[in-house]
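J.: Have a look; sequence and predicted model below, questions after that.
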Amino acid sequence: MQRRRSLLALIIFLLIASLAVIISPVFPLELGLDLKGGSQLTIQINTTPEIKEITKKELEAVQKVVEGRINASGVVEPLIQGVGNDQILVQLPGVDNPEEAERRLKGTALLEFRQQKQDTEAQLFALRTLGKQLQTKQQELLARKEENNSEEVVKNKASLEENKQEIKELFESTNPPLTGKLLDDAYGEPTQGSNWNVAIRFKSKGGDLFTNLTKQLAGTGRSIGIFLDDELISFPTVGPEFAITGITGGAAVITGTFTAQEAQDLGIQLKGGSLPVPIEVVEIRTVGATLGQDSIKHSIYAALGGLVLVLVFMVVYYRLPGVIADISLIIYSILTLACFILLGVTLTLPGIAGFILSIGMAVDANILIFERTREELCTGKSLYRSVESGFYRAFSSILDSNLTTLIACTALYFLGYSFVKGFAVTLAIGVVVSMFTATTCSRTLMFMAVSTPNLRKPELFCPKLPTSKTAEVTQ
């Protein structure tokens with residue numbers, strides 16, 4: 001009796017704790033793309049002259065970089081996984097601007113610090129002066145509304161590109177190269193006015209190379225060329241005060257006319273690393289929030305409708321054990337939902353289908369137990385012994401059926417993808433919780449009912465029990 005009271009106390013505690021988790025705003029239930037709305041991108045991985053075939057290694061490398069960039073963007077519960085041999089599926093719940101996600105994903109963000117060649121100071125100064133003049137002229141040409149200046153705009157633009165190329169040729173890579181692969185962190189930071197910079201921090205090896213580079217260039221008038229995807233974005237000089245020690249600490253700042261969004265995007269791309277092969281977004285799908293809300297509403301109706309039908313059937317057919325099964329089923333639903341929240345399960349439409357299916361499966365265990373109990377009552381055993389034997393004899397069947405279901409869930413999870421995995425997870429959690437409620441909640445409540453004098457009536461457990469047998473089991 002003491003053991004049953006302890007189990008009842010445990011059940012009440014779990015029930016209260018689960019209700020607290022469900023209603024608490026601290027633990028929100030994560031909704032998938034099909035319910036919450038958002039974006040889905042299909043990424044095609046392309047080959048290069050150096051990499052002529054996309055293998056599992058390249059697929060995993062691209063997936064890792066994409067995952068780093070998406071996670072750095074702050075997207076809640078993104079789904080990133082390989083599809084086939086050369087594609088990656090990216091699902092972004094709550095993101096209604098797929099173009100922004102596409103821009104962040106496609107950038108290679110190959111960062112490199114180069115040193116200015118010796119005896120090119122005067123040449124760089126002249127080219128920079130010419131570049132500023134060409135930029136000013138381009139702005140003036142674009143501001144004009146004359147139709148006959150289009151050729152001059154194109155010609156001036158070509159001169160600007162030629163100027164940039166000539167400036168790039170004044171820089172050379174260090175030995176060994178100081179690239180973004182040696183970065184530890186990168187993030188945007190505001191400056192005075194509306195401009196932003198990108199602060200970077202090197203790893204140990206990168207910090208040493210940066211110190212040596214700044215020591216060599218300090219006070220010489222030569223610049224450090226900061227190249228992003230082989231484009232020169234900044235070329236600061238190092239003051240003479242660093243000629244002895246260089247800039248230590250492994251930290252630096254990329255200056256430029258960055259906006260807040262540009263600085264944030266650049267920091268994300270640098271921190272995420274460069275892509276080993278080029279990628280292309282071949283498909284973009286957007287799911288509206290209205291569709292998600294309609295799906296949730298209809299799914300809730302389906303779940304409640306199925307639950308009510310099962311509850312009514314159990315009471316009509318099994319009487320008192322049916323009432324006990326209904327109580328256990330309500331406890332099961334609350335515990336399962338709390339498990340979804342605590343385990344961070346992203347609920348999708350197939351996931352809801354798995355939950356609804358698990359409700360019906362949760363009743364199966366109770367039906368096996370009650371049918372075994374009826375069989376024992378019909379053989380003339382006492383009510384207590386019949387209930388005890390019913391649980392004992394049904395347990396092996398319950399265990400076997402649930403194990404086979406869990407095996408199927410495991411196969412769906414590891415061999416399937418996307419929404420199939422959500423279905424497998426929710427169904428597996430439901431099966432495990434149903435085992436607990438059937439063998440613990442139903443058992444405890446059944447024995448407490450048998451121990452209550454007013455409820456110790458065989459006809460409440462087996463309405464069609466023959467009269468002769470009724471007389472026997474009540475003795």
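T.: Okay, I see it. A quick note: this is a predicted structure, and the numbers were derived from the prediction, not measured.
J.: Can you spell out which helices and strands pack onto the one helix or strand Arg443 maps to?
T.: Using DSSP states H and E, Arg443 maps to helix 443-450. Counting contacts by 3 or more Cβ pairs under 8 Å, 6 or more residues apart in numbering; DSSP states H and E, helix 443-450 packs against helix 2-23, helix 320-342, helix 383-415. The way it works is simple: take the backbone N, C-alpha and C, and place the C-beta from them, glycine included.
J.: in the stretch 101-250 of the chain, which spans are strands?
T.: 111-116, 171-179, 183-190, 196-202, 224-228, 231-234 (DSSP state E, counting those that start in this stretch).
J.: what's the closest of these to Pro240?
T.: strand 224-228 (14.6 Å; Cβ to Cβ).
J.: Against which helices or strands is that closest one packed?
T.: Applying 3+ Cβ pairs under 8 Å, 6+ apart, we find strand 224-228 packed against strand 111-116, helix 204-217, strand 231-234.
J.: For the first one, which strands pair with it and how are they oriented?
T.: If I follow you right, that is strand 111-116. strand 171-179 (antiparallel), strand 224-228 (antiparallel) (DSSP bridges).
J.: Using TSV, please lay out those together with mean neighbour count.
T.: Formatted as TSV, these follow (neighbours: other Cβ atoms under 10 Å):
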stretch	mean neighbour count
strand 171-179	15
strand 224-228	22
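J.: Make CSV out of these and add distance to Glu459.
T.: Shown next, in CSV, are the strands paired with strand 111-116 (distance: least, Cβ to Cβ, whole Å):
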stretch, distance to Glu459
strand 171-179, 83
strand 224-228, 83
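J.: Next one, pLDDT for Asp364 please.
T.: pLDDT, Asp364: 80.
J.: Hmm, it is touching Asp400, no?
T.: No: if you go by Cβ atoms under 8 Å, Asp364 and Asp400 don't touch, sitting 11.8 Å apart.
J.: Could you dump the strands of the stretch 101-250 of the chain into JSON lines with distance to Asn156 and mean pLDDT added?
T.: As requested, the strands of the stretch 101-250 of the chain are arranged in JSON lines below (distance: least, Cβ to Cβ, whole Å; pLDDT from 0 to 100):
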{"stretch": "strand 111-116", "distance to Asn156": "26", "mean pLDDT": "88"}
{"stretch": "strand 171-179", "distance to Asn156": "24", "mean pLDDT": "89"}
{"stretch": "strand 183-190", "distance to Asn156": "31", "mean pLDDT": "82"}
{"stretch": "strand 196-202", "distance to Asn156": "28", "mean pLDDT": "85"}
{"stretch": "strand 224-228", "distance to Asn156": "24", "mean pLDDT": "83"}
{"stretch": "strand 231-234", "distance to Asn156": "19", "mean pLDDT": "78"}
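J.: Let's have those in CSV, adding distance to Leu41.
T.: Listed next are the strands of the stretch 101-250 of the chain as CSV, based on distance: least, Cβ to Cβ, whole Å:
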stretch, distance to Leu41
strand 111-116, 24
strand 171-179, 27
strand 183-190, 23
strand 196-202, 25
strand 224-228, 23
strand 231-234, 25
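J.: and of the ones you listed, who's closest to Tyr384?
T.: Closest to Tyr384 of the strands of the stretch 101-250 of the chain, according to Cβ to Cβ: strand 183-190, at 67.6 Å.
J.: Sheet-wise, list the partners of that closest one with their directions.
T.: Counting by DSSP bridges, strand 183-190 is paired with strand 196-202 (antiparallel).
J.: Can I get the partner strand in PDB, CA atoms only?
T.: Provided in PDB are the C-alpha atoms of strand 196-202 (Å, rounded to 0.1, in the frame of the first residue of the first chain):
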ATOM      1  CA  TRP A 196      30.600  50.500 -38.800                       C
ATOM      2  CA  ASN A 197      33.800  48.500 -38.600                       C
ATOM      3  CA  VAL A 198      34.400  44.800 -38.400                       C
ATOM      4  CA  ALA A 199      36.500  43.700 -35.300                       C
ATOM      5  CA  ILE A 200      38.400  40.500 -35.700                       C
ATOM      6  CA  ARG A 201      40.400  38.300 -33.400                       C
ATOM      7  CA  PHE A 202      43.000  35.800 -34.500                       C
END
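J.: Which one of the strands of the stretch 101-250 of the chain lies nearest to Gln165?
T.: The nearest among those, by Cβ to Cβ, is strand 231-234 at 9.6 Å.
J.: How far off centre is the closest one?
T.: Mean-position distance between strand 231-234 and its chain equals 34 Å (Cα atoms, centre = their mean, to the nearest Å).
J.: go on, stretch 216-230?
T.: 40 Å.
J.: what about the helices and strands packed on helix 443-450, which gets the closest to Ala303?
T.: Ala303 sits nearest to helix 320-342 of all the helices and strands packed on helix 443-450, at 8.6 Å, using Cβ to Cβ.
J.: picking up where we left off before, between the strands paired with strand 111-116, which one is nearest to Tyr413?
T.: strand 171-179 (38.7 Å).
J.: re the thing from before, mean neighbour count, the helices and strands packed on helix 443-450: which tops it?
T.: helix 320-342 (a mean of 21; mean count of other Cβ atoms under 10 Å).
J.: tell me the mean pLDDT for it?
T.: For helix 320-342, mean pLDDT rounds to 87.
J.: got the angle for that helix vs helix 383-415?
T.: Per axes from the mean of the first three to the mean of the last three Cα atoms, to 10 degrees, the angle that helix 320-342 makes with helix 383-415 is 30 degrees.
J.: Next, the angle helix 2-23 makes with helix 320-342.
T.: Using the same axes, to 10 degrees: helix 320-342 against helix 2-23 is 50 degrees.
J.: and Thr47, that one's in a strand?
T.: No: using DSSP: H, G, I helix; E, B strand; the rest coil, the assignment for Thr47 is coil, not a strand.
J.: what's the distance between it and Leu79?
T.: 25 Å (Cβ to Cβ, to the nearest Å).
J.: Those two - which one has more neighbours?
T.: Leu79 (22 against 13; other Cβ atoms under 10 Å).
J.: how about the nearest residue to that one once chain neighbours are set aside, phi and psi?
T.: Excluding its sequence neighbours, the residue lying closest to Leu79 (Cβ to Cβ, 6 or more residues apart in numbering) is Gln91, at 4.0 Å. When quoted as degrees, to the nearest 10, the phi and psi of Gln91 stand at phi -110, psi 130.
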